[in-house]
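give me coordinates for this.
(2 chains)
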Amino acid sequence: MRDIHTDHSCNSPRTPNFRQRRRSNEIPAEINKSNGNFLLVDDKFKYRSMWIRAYSSMWMLASVSLIVYLGHLYIWAMVVIIQIFMASELFNLLIRATQDRRLPKFKLLNWHFFFTAMLFVYGRILSKQLVNTVTSDKFLFRLVCNLIKYQMVICYFLYIAGFVWFILSLKKRYYKYQFGQYAWTHMILIVVFTQSAFTVANIFEGIFWFLFPASLIAINDVGAYFFGFYFGRTPLIKLSPKKTWEGFIGASVATMIAAFTFANFLARFQWLTCPRKDLSTGWLQCDPDPIFKPEYIPLPGLISHWLPWKEIAVLPVQWHALWMGLFASIIAPFGGFFASGFKRAFKIKDFGDSIPGHGGFTDRMDCQMVMAVFVYIYHQSFVVAEDYSVETLLDQIMRNLGSEEQLALYAKLGQILQERRL
Amino acid sequence: MQKDTSTSAPSTTSGRIRHRKRSNEVIPEVSKANGTQLLVNDKSKYKSMLIRAYSSVWMIGGFVLIIYMGHLYITAMVVVIQIFMARELFNLLRRAHEDRQLPGFRLLNWHFFFTAMLFVYGRILSQRLVNTVTSDMVLYRLVSSLIKYHTVICYSLYIAGFMWFILTLKKKMYKYQFGQYAWTHMILIVVFGQSSFTVASIFEGIFWFLLPATLIVINDIAAYIFGFFFGKTPLIKLSPKKTWEGFIGASVTTIISAFLLADIMGHSQWLTCPRKDLSTGWLHCDPGPLFKPESYSLLGWTPHWFPWKEVSILPVQWHALCLGLFASIIAPFGGFFASGFKRAFKIKDFGDSIPGHGGITDRMDCQMVMAVFAYIYHQSFVVQHSLSVEMILDQILINLSFNEQEALYGRLGEILQQGIPGKF
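Numbers count the residues shown, from 1 in each chain, chains lettered A, B, ... in the order given. Sure thing, here's the model as predicted:
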């Protein structure tokens, strides 16, 4: 959440502080002290800033809806673009103007590592989809298969090339600075790519698994903002002074309820629930997963007297949605606290200023990142895993493997089972 | 080696109070005076050589013993080395003053270490663990469910550590704490990345662990000896004692020994067989086409009096040439990285566990780069398996009970028999 300090800057006195003039992004220390305990409820300028935030939020919501409508490939493209912006913002944080003038190649090295990470991550995740897309053309198919087979080696050599380049570019007085940059580059790339890798994996399992968690985080944010706006009194954590317990609890309840109902709503769309097996952009048809088929739960006698319905239809996915809502309201905000602490530690106001009223892309994505990773792991462990039975695996074998591979699997399985019988 | 010559050069204590803080810091004036002195010209070099040789003999001896004892013990050795490396690296950027105000912060490092250990070794050894406990029904079910939810368990542990970190952020220590957090992650990634690949290689066959490690040692020793006797031209500013003569001599030696060692090692079943479970007994297996000798006739190439008419080469020796090439040309960059790192942060060695060599991280710097390459090379060029077959096989073995697996096997057999009559 963005601090509203800029609006108050004309009111409070400023003592000369030379560091301030370097970066417009720094929090003036005195203002921080005087406004540090200002809650949103007492803030006079809150309505104006609320309108700015609402305006940008509308735009973001509209563009996300459009892209979801367009499909998996476009969502993936959107994720990649967001990633590039985030990486730019974070790389720019590292640059210290005077020293970098003598080391011009570091920017290029950062983007080299970025490109390598992109190739590695998306190569692994989308390999199956890529193969399924090029099955028509024989030459392209073989080319793609070979690329996938040697993908790890290619990425490894690209990384080693960057590593060697880094070592050869070490300059006598700048060792510490350069090593620091190298370490931060790695941390940035790991943070940015881990979560986007899991996001993209979720997308191709079904847009539902991307859209639903993202909406929950947005709902939690908006809920916390409004509950804090009207009722916020008790500060929540020193790291983010504008967050309050009332906002937190109100948002948690709102998120859990919204999770249960919104999941029901979203699950009705085949566009959102069907997995995408290749990289096409056309319409999707599939047999919906049992998790999206309604189960009828009979209502207990007492309640059914008062209401006309004898039983309610609940999709199994709604129970999963409750768990996701719980995580989104309790644990995902820690991503925001982490980002706030980070900004305080390094005395920066926002990661960037692309979005008016909200800050940079990283400011918006901080909680989303934690959520995306959780959803992927939850999905792999509790949603997909329940499906495994002799029938479904046999089905997978028949569908996904060629005849030679099936024989190879049969032989290997036979070997393993034989060893176990002994 | 600079410790020995420090008495000869004048060390002016020109108001450098920082020196007295850590005995580990390089004294800059001595460094300048001896910085360009190559090993060839160093007078007390024989004494330091003997110290290094003594520790080397002990290390090699201990290593050989563990190889003899087997896969599980080698893994244990790797884990112990890892713990020592992590401890050395965790202690490097510690600042005592800040640490006093943050009780329990050190514990967070070890929490992340434990989580990483569980994650990495859980993945690699999961299949083999399952194979080990097939006898006992209760244990089998317990282990299977642990493996099934392995990722969730590790993720929860990580998130717990993450939340713990955020809740312990203290007002004036933000920058220090974030720096330590990032540093911890980098250390764990470096240490566990390479050790996970090492352990994976071990269970594919000790050969794929022993050969790369030996090549690095040979490269190191050969570079030392060639530099000792012939070194004149400095190689790189980062490591002033390394020379071009040492580098080239070592490269040639390494490639030739790679070819020969692969032949010797390839004939031992103990080294070439993969290990399917966590037992420690003797191993028998079909060595695979890579370790079966192929004969090449020498008739057109050599004169009449040459006694051998044909030479038998194991196909794996060609792979060994690639490994040797990498070990001599690229792996030393791991050493340069460590040297640059030490200069950047003004430390002499990562630790002092090994006399004459420094700490364990000093010995492992090139090994780390090599271990990763060896595993990736093995997975890409040596092993002929299909990714999807492995994935589905994993799913079958993890998610189905033993009876269900047998049922699947039976039904698959029926289907395949129908589809391809005569092929069965």
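
state the pLDDT value of whichever residue of the stretch 251-400 of chain B sits closest to chain A.
Closest contact between the stretch 251-400 of chain B and chain A, by CB to the nearest CB, is at B:A344 (3.4 Å). All C-beta atoms are positioned from the backbone trio N, CA, C, and that covers glycine. As predicted, B:A344 sits at a pLDDT of 83.

what do you get for B:T134?
For B:T134, pLDDT reads 66.

so what's the residue of the stretch 251-400 of chain B closest to chain A closest to, chain neighbours aside?
Distance criterion CB to CB, 6 or more residues apart in numbering or on different chains; nearest residue to B:A344, sequence neighbours excluded, is A:Y175 at 3.4 Å.

list the contacts of that neighbour.
By CB atoms under 8 Å, 6 or more residues apart in numbering or on different chains, the contact list for A:Y175 reads B:340, B:343-344.

out of those residues, which is nearest to A:V153?
Distance ranking of the contacts of A:Y175 against A:V153, using CB to CB, places B:G340 first at 26.2 Å.

now do the helices in the stretch 201-350 of chain B.
Along the stretch 201-350 of chain B, the segments classed as helices by DSSP state H, counting those that start in this stretch run B:207-230, B:244-266, B:269-272, B:316-329, B:332-344.

contacts for the third one next, please.
Residues lying outside helix B:269-272 but in contact with it, judged by CB under 8 Å, 6+ apart, are B:205-207, B:210, B:265-266, B:282-285, B:287-288, B:291.

rewinding a little: any idea of the pLDDT on the residue nearest to B:A344?
So, for A:Y175, pLDDT stands at 84.

same check, this time on B:L387
pLDDT, B:L387: 59.

so what's the residue nearest to the spatial centre of chain A closest to, chain neighbours aside?
Ranked by distance to the mean C-alpha position of chain A (CA atoms, centre = their mean), the top residue is A:M369 at 3.5 Å. In space, and not counting its chain neighbours, A:M369 is closest to A:Q195: 3.8 Å by CB to CB, 6+ apart.

low-confidence stretches in chain B?
B:1-43, B:93, B:95-99, B:134-136, B:299-302, B:384-388, B:391, B:419-424 (pLDDT under 70).

right, and the helix or strand after the helix or strand where B:M117 lies?
For B:M117, the host element (DSSP states H and E) is helix B:105-132. Downstream of helix B:105-132, the next assigned helix or strand under DSSP H and E is helix B:137-148.

buried residues, that following helix. List them.
Residues B:140, B:143-144, B:147 are the ones in helix B:137-148 that count as buried (16 or more other CB atoms under 10 Å in any protein chain shown).

which one of these is nearest to B:F162?
Nearest to B:F162 out of the buried residues of helix B:137-148 is B:I147 (CB to CB; 23.8 Å).

count the residues that sit near residue 365.
No chain specified, so I'll use chain A. Residue neighbour count, defined by other CB atoms under 10 Å in any protein chain shown, stands at 25 for A:M365.

sorry, I should have been clearer: chain B.
Residues within reach of B:D365, counting by other CB under 10 Å, total 22.

tell me who's in contact with the nearest residue to it once chain neighbours are set aside.
Spatially, and ignoring its direct neighbours in sequence, B:D365 is nearest to B:A338 (4.0 Å; CB to CB, 6+ apart). Shown in contact with B:A338 (CB under 8 Å, 6+ apart): B:350, B:361-362, B:365.

out of those, who's the most crowded?
B:T361 (26 neighbours).

relative to helix B:316-329, how tilted is the strand or helix carrying it?
Using DSSP H and E, the element containing B:T361 is helix B:360-377. Interaxial angle, helix B:360-377 versus helix B:316-329 (axes from the mean of the first three to the mean of the last three CA atoms, to 10 degrees): 140 degrees.
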